[in-house]
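Chemist: following is a predicted model, sequence given first.
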Amino acid sequence: MIGSWGSNIIFETSADYIHTFTNLKRDVEAKTKGHSLVNSLDKTQFLGRGLYKITFDMVFKVQMGIVPMQCVDRLHAAFTSGEVNNLRIGKKGFGKFMITNLSDTFDDIMNRGEIASATVSVTMQEYV
């Protein structure tokens, strides 16, 4: 197993099955407050760190041994219910995260309308 987000998303590969991510990125910003001063530059106060955001893409293809729309629907169900789970990549735990944005691209559609390939861009935010 490469990693997981609770029991809903398991990142793994095998000879018959590929269910993993690409373009993993983690962002965080500082929380600051500006204080105006007369005839001087503003003073900036550091208040702490903001919440971590993690983004990645998942590609679902019939050739990878999965049904793309089932995987897409599972992500959307977790998103609409506000599901919160621990995110783990390898042995590193990143803490609790929830999905805050999903963007679907349906790459290959067969002649009867079946989705043969889909890419989902996932954005998660730290949940405290």
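Modeler: Here it is on my side, so go on. Numbering: from 1, shown residues only.
Chemist: alpha carbons only for contacts and neighbour counts from here, please
Modeler: Will do.
Chemist: got the buried residues for stretch 98-116?
Modeler: Met98, Ile99, Thr100, Leu102, Ile115, Ala116 (16 or more other CA atoms under 10 Å).
Chemist: the worst-scoring helix or strand of the chain on mean pLDDT pairs with which strands, parallel or anti?
Modeler: Lowest mean confidence among the helices and strands of the chain (mean pLDDT, DSSP states H and E): strand 18-19, at a mean of 80. The partner list of strand 18-19 in its sheet, established with DSSP bridges, is strand 9-13 (antiparallel).
Chemist: and the spatially closest residue to His76 that is not a sequence neighbour, what does it touch?
Modeler: Nearest-residue entry for His76: Leu102, 7.6 Å, with adjacent residues in sequence omitted and distances by CA to CA, 6 or more residues apart in numbering. Residues near Leu102 by CA atoms under 8 Å, 6 or more residues apart in numbering: His76, Phe79, Val120, Ser121, Val122, Thr123.
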